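>>> Here is my input; please provide its structure:
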Amino acid sequence: MTAPTLKPPVWSRESLSEMVADRLKDYRLICVGNREPYSHVFTPSGIRCIEPASGVVSALDPVMQATGGTWIAHGSGSADWETADAMGRLRVPPLQEKYTLRRIALTREEEDRYYYGFSNEALWPLCHIAYQRPTFEQEDWDCYQRVNEKFAEAVVEETGTKRPLVFIQDYHFALLPRMIKQRLPSAVVFQFWHIPWPNPEVFRICPWKRELLDGLLGNDLLSFHIQFHCNNFLDTVDRELEALVDREKFAVTCRGATTLVRPQAIGVDFEMLSEEASLASTEESAIEFRRTHGLTGQKILLGVDRLDYTKGLLERIEAVDRLLKRHPEHVERLCMIEVGVPSRSRIDTYRRFEDEVSQRVEEVNKRHAVRTWKPILYLKGHRERRDLVPLYRMADVCVVTPVHDGMNLVAKEFIASREDRQGVLLLSSFAGAARELTQAMLVNPFAVDAMSEAMHEALRMPPEEQEERMDRMRDIVREQNVYKWVGKLLQQAVQLEPS
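Numbering: from 1, shown residues only. Alright, predicted model coming up:
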């Protein structure tokens, strides 16, 4: 008789902390990211500490607490400098003080040019291939270099006596790995690039492509969400630099040093979301939401997105419009709830996009409205995760249709929230999550007619089929959770000798 195959234990906050305490005891862990894990703001009742809703923060915070390391980030809260010392340091979390947060001060010009300028008007559209032309400004590039240098100096100042293990987050710091290696040759440096990496033909339009690639090759380990983005990166290096690309080992040797390139898909805190979704208060919130907005008895399509041109919102709104034209039986029987979170509104492109979304929602609602019913409920504004879980729980279909996305955690949050094993995920094939969640209904957001038909089919899917699909996707999201993501990256990093 064949013995049953034993599944490996699921990673958790506790198991991650145990691994970190054992494997990282000889290292000084320094995490570098644009976003800070705790910020302070002025309120009418005094200074308040805010913990941003972020999967990356929720995964890395227990790691930092277990190691007592340092998190270096842009200090963006209005009261940040009232609560830190002269060097921008303070102990966090509040009242526990397990590790150091080192805040970096940026001027308004630095924030405009490094963050809004080069990071989000050049690198963001370049990597997402969303048919939004990147803007390459020399002053933005100069400032991006200066800010990366500022963070590199902070890393050196926070090193201490142990061997440095530096974990860099995202595309805001493409130059930082090389800068750190030049100052701290013994450091192990690794980076996670949270957005897609484009093909070489797209990337080659960047005026500073070689400088960016050289900066990233300062890493000992460079990781992306999916293998496809790793392949694109290797192809780009092969095209642009004098470097040895080893496609069997997925490694690049440049300047006599080697960078490993690996996929490691990020996840969500499955258990926390699943437990929150099962609370009686969550069900009560969903019922109250339906009552408040007059949605009792209606089928619900749900979208939760930053107001970004990569998220496919205009295509989704058009698909709802065509759904109602082709299948009038849905009139007065469904509502598309779109939660739109304002993002980067200081950039003209984003302000125009927000206006266009609002205009299109108004047009579709006007075209199809019957008495007090309208097809789209547009909720513009920031919402806490606790406000989203009831929406995930009540949705018949979650519509996640980016035109390009590194991963998209909304899809995984929806699945983790469906402990009732019901609901349909309508997912763009251009999201990284589509590589894992193959039981979703995959769509091409550029094919609007086909997407509207997919919405129609999703709304009619039998409960038995929903349950079968959801069970398989929940197994994946449970196993590939956010703690496994950071745990695997740390395990790989500590096995490396600095190059």
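
>>> what's across from Arg163 in the sheet?
Taking DSSP bridges, one obtains Tyr27 as the residues bridged to Arg163.

>>> pLDDT score for Glu51?
Confidence at Glu51, expressed as pLDDT, is 84.

>>> measure it to Thr70 for me?
For Glu51, the distance to Thr70 (Cβ to Cβ, to the nearest Å) stands at 18 Å. Quick note: C-beta positions are derived from backbone N, CA and C, even for glycine.

>>> repeat for Leu106
18 Å.

>>> In terms of neighbours, single out the busier of these two.
Set Leu106 next to Thr70 and count neighbours by other Cβ atoms under 10 Å: Thr70 wins out with 23 against 20.

>>> The more buried one touches Ile30, doesn't it?
Yes: here Thr70 reaches Ile30: they are 5.1 Å apart, a contact under Cβ atoms under 8 Å.

>>> shared neighbours, these two?
Contact criterion Cβ atoms under 8 Å, 6 or more residues apart in numbering; residues bridging Thr70 and Ile30 by contacting each: Glu158.

>>> so where's this structure shaky on pLDDT?
1-7, 53, 55, 498-499 (pLDDT under 70).

>>> in the stretch 351-499 of the chain, which spans are helices?
385-394, 409-417, 448-459, 463-479, 482-494 (DSSP state H, counting those that start in this stretch).

>>> just the CA coordinates of the helix or strand hosting Met336, formatted as CSV?
According to DSSP states H and E, Met336 maps onto strand 334-341. Provided in CSV are the C-alpha atoms of strand 334-341 (Å, rounded to 0.1, in the frame of the first residue of the first chain):
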residue,chain,number,x,y,z
LEU,A,334,-26.8,43.3,-10.3
CYS,A,335,-24.4,46.0,-9.1
MET,A,336,-20.8,46.5,-9.9
ILE,A,337,-19.1,47.9,-6.7
GLU,A,338,-15.9,49.6,-7.6
VAL,A,339,-13.7,50.7,-4.8
GLY,A,340,-11.3,53.2,-6.3
VAL,A,341,-8.4,54.2,-4.1
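
>>> Pull out the buried positions in stretch 62-72.
Of all the residues in stretch 62-72, those buried under the rule 16 or more other Cβ atoms under 10 Å are Pro62, Val63, Met64, Gln65, Ala66, Thr67, Gly69, Thr70, Trp71, Ile72.

>>> which element follows whatever helix or strand the first one lives in toward the C-terminus?
Think Pro62. Element membership of Pro62 [criterion: DSSP H and E] is helix 55-67. Moving toward the C-terminus from helix 55-67, the next helix or strand (DSSP H and E) is strand 70-74.

>>> so what secondary structure elements neighbour the helix or strand following that following strand?
As assigned by DSSP H and E, the chain's next helix or strand after strand 70-74 is helix 80-83. Contacts defined by 3 or more Cβ pairs under 8 Å, 6 or more residues apart in numbering; DSSP states H and E place helix 80-83 against strand 39-43, strand 46-50.

>>> Turn those into a markdown table, including mean neighbour count.
Below are those laid out as a markdown table (neighbours: other Cβ atoms under 10 Å):
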| stretch | mean neighbour count |
| --- | --- |
| strand 39-43 | 16 |
| strand 46-50 | 13 |
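
>>> Do you have the strands of the stretch 201-350 of the chain handy? List them.
221-224, 244-246, 251-254, 257-263, 299-306, 334-341 (DSSP state E, counting those that start in this stretch).
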